[in-house]
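Trainee: This is a predicted model, with the sequence first.
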Amino acid sequence: AVLDVLPETKHVREGDWQVAPPAPGLVDRRVEITGPTDAKMTINALNSGARVWLADLEDANTPLWENVIGGQLNLRDAIERTLTHTTPDGRRYTLRDGELATIVVRPRGWHLTEKHILVDGERTSASLVDFGLYFFHCARRQLDRGSGPYFYLPKLESHLEARLWNDVFRLAQQRLGIPRGTIRATVLIETYPAAFEMDEILYELREHSAGLNAGRWDFMFSVIKTFRTRGRDFLLPDRNAVTMTAPFMRAYTELLVRTCHRRGAHAVGGMAAFIPSRRDPQVNETALAKVREDKTREAGDGFDGSWVAHPDLVPICREVFDGVLGDRPHQLDRTREDVRVTAAQLLDVAGTPGRQTEAGLRNAISVGVQYLASWLRGTGAVAIFNLMEDAATAEISRSQVWQWLHNGVTLDDTGEKVDRELIERLADEELARLPGDRADWTAARDLFMEVAVADDFVDFLTLPAYERMP
């Protein structure tokens, strides 16, 4: 089947309603920085000059128990302004005086569990663990400082999942005696089904809504995951050839801005994966140019702000959005009445230019193995080939290998058919190039092959990876 808008929610799409007005600290979101909640990153992100920090307990984090609890402690101490960090070589990091970025916490998705906390002998929802610990310990602390408990909600596929979150928010506020509507949540539109339910997701969360974000990397993964057996019409070219100007990506982002602004909600752009280099001027120049191009397009499309993954990129993003916004905090008045996106346009994956090459296959294998080795060691965001990789980008790599294998792709440059033998050979060759501990690479390679060539598609690579963690 193909996806389309839901006939039963037509009244929501055609209704005249608005989300709650922006909450304190979320009125101006022109620059948001993302990253895990280790002490050093927490301090650097809050000091970066960005308006918002996405404190990531999800894709940029690995759920080692010490990360799960350590991140919560760092968030609490950051709000109290007592957080410090000293590196082994003696460098000391502290929070600066004055205004810091607004904290917005991203809990893990509904698909994940927390094996270290059991209820009636069963694992708890990782989403509720991350949300509950932060809300219980930090909601009043944030309110006392003129802000509030704010969240990014990942991996939603349906407005019914948004409704579930809304029920959680109401119950949590009731239990702690906090006014209803205090919590605000921005939903990442990063799955294909969710792209057809943007209005409905905003509607379910409308008293708690802070807008939508274009979660581009998971969205690309979701293309493959959703239509993995549908043949050539949904085959993607090399990962690095799929840009935000591809027809289906343009349709999705234009619709997101149109939907948000029609409902009075912020539309936040996605993360450019390019990262600067303080050691290589040429790499740095290329990265800065790519990021500027990306943010210029988003600001011109009407987004109210966008993501960066490194403090050195904050000034570029701010400069671009300053040039469009000026003294205005957002572009909510730009309702993009000119946008008319159809289901066919959202589904036009076949219109993506690019080729399927050996270099692309090698890159997918190498990135997937290198990322999983880092993930298993406890680090969920890592620079590989001058790009910032997290669980979402690793998912693209392994799912693309799976898709090419199971759809009988023939490589455009070499003429070789993508089969298990070819994947195994390229994996061995790429592994031989990697420095360091062979045992780490071998364990990561075994896990990658498990999720990349299996007969059945594993929903998320983090599911079997989590079982390998203590």
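Mentor: Yes, it's here.

Trainee: Can you pull out the low-pLDDT segments for the stretch 351-470 of the chain?
Mentor: Within the stretch 351-470 of the chain, the set of residues satisfying pLDDT under 70 is empty.

Trainee: just the CA coordinates of stretch 311-329, formatted as PDB?
Mentor: C-alpha atoms of stretch 311-329 as PDB (Å, rounded to 0.1, in the frame of the first residue of the first chain):
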ATOM      1  CA  PRO A 311      29.600  25.300  18.700                       C
ATOM      2  CA  ASP A 312      31.700  26.700  15.900                       C
ATOM      3  CA  LEU A 313      28.700  26.500  13.600                       C
ATOM      4  CA  VAL A 314      26.400  28.600  15.900                       C
ATOM      5  CA  PRO A 315      27.700  32.000  14.400                       C
ATOM      6  CA  ILE A 316      27.000  31.000  10.800                       C
ATOM      7  CA  CYS A 317      23.400  29.800  11.600                       C
ATOM      8  CA  ARG A 318      22.700  32.900  13.700                       C
ATOM      9  CA  GLU A 319      24.100  35.200  10.900                       C
ATOM     10  CA  VAL A 320      21.900  33.600   8.300                       C
ATOM     11  CA  PHE A 321      18.700  33.700  10.300                       C
ATOM     12  CA  ASP A 322      19.500  37.200  11.600                       C
ATOM     13  CA  GLY A 323      19.600  38.300   8.000                       C
ATOM     14  CA  VAL A 324      16.100  37.000   7.400                       C
ATOM     15  CA  LEU A 325      14.500  37.600  10.800                       C
ATOM     16  CA  GLY A 326      16.200  40.900  11.900                       C
ATOM     17  CA  ASP A 327      14.600  41.900  15.200                       C
ATOM     18  CA  ARG A 328      11.700  39.500  14.700                       C
ATOM     19  CA  PRO A 329      11.800  36.300  16.900                       C
END
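
Trainee: What mean pLDDT does that stretch get?
Mentor: For stretch 311-329, the mean per-residue pLDDT is 97.

Trainee: buried residues in it?
Mentor: Neighbour-count burial for stretch 311-329 flags Pro311, Asp312, Leu313, Val314, Ile316, Cys317, Arg318, Val320, Phe321, Val324, Leu325, Pro329 (criterion: 16 or more other CB atoms under 10 Å). Placement of C-beta: from N, CA and C, glycine included.

Trainee: Can you name the residues in contact with that stretch?
Mentor: For stretch 311-329, contacts defined as CB atoms under 8 Å, 6 or more residues apart in numbering pick out 22, 27-28, 30-31, 33, 44-45, 47-50, 272, 275-276, 278, 288, 291-292, 295-296, 299-300, 305-306, 308, 331.

Trainee: how far does that stretch sit from the chain's center?
Mentor: Computed by CA atoms, centre = their mean, to the nearest Å, the chain-centroid distance of stretch 311-329 equals 21 Å.

Trainee: again with stretch 87-96
Mentor: With CA atoms, centre = their mean as the basis, stretch 87-96 stands 28 Å off its chain's centre.

Trainee: quick revisit: just the ones of the contacts of stretch 311-329 in helices?
Mentor: Judged by DSSP state H, the subset of the contacts of stretch 311-329 located in helices is Asn44, Ala45, Asn47, Leu288, Val291, Arg292, Lys295, Thr296, Ala299, Gly300.

Trainee: which of the residues you listed lies closest to Glu416?
Mentor: Using CB to CB, Val291 comes nearest to Glu416 of those, at 34.8 Å.

Trainee: Return the residues in contact with the closest one.
Mentor: Counting by CB under 8 Å, 6+ apart, the residues that Val291 touches are Ala272, Phe274, Val308, Leu313, Ile316, Cys317.

Trainee: if you look at those, which of them are in strands?
Mentor: Val308 (DSSP state E).

Trainee: can you tell me which two in the contacts of Val291 are farthest apart?
Mentor: Spanning the widest gap among the contacts of Val291 are Phe274 and Cys317, at 12.2 Å by CB to CB.

Trainee: Quick check: the most centrally placed residue in the chain vs Met41, distance?
Mentor: Nearest to the centroid of the C-alpha atoms of the chain, with distances taken as CA atoms, centre = their mean, sits Gly215, at 5.1 Å. From Gly215 over to Met41 the distance is 20 Å, taken as CB to CB, to the nearest Å.

Trainee: what's the answer for Asp390, then?
Mentor: Distance from Asp390 to Met41, by CB to CB: 13 Å.

Trainee: Is the residue lying farthest from the centre of the chain part of a helix or strand, or is it coil?
Mentor: What lies farthest from the middle of the chain is Gly415; by CA atoms, centre = their mean that is 34.6 Å. Secondary structure, DSSP: H, G, I helix; E, B strand; the rest coil: Gly415 is coil.

Trainee: Same question for Ala55.
Mentor: Relying on three-state DSSP, one would call Ala55 strand.

Trainee: Would you confirm that it contacts Ala101?
Mentor: No: using CB atoms under 8 Å, Ala55 is not in contact with Ala101, being 9.5 Å away.

Trainee: Enumerate the beta-bridge partners assigned to Val52.
Mentor: Beta-bridge pairing for Val52 (DSSP bridges): Glu32, Thr102.

Trainee: could you list every residue that touches it?
Mentor: Contacts of Val52 (CB under 8 Å, 6+ apart): Gly25, Leu26, Arg29, Val31, Glu32, Ile33, Ala101, Thr102, Val104, Gly305.
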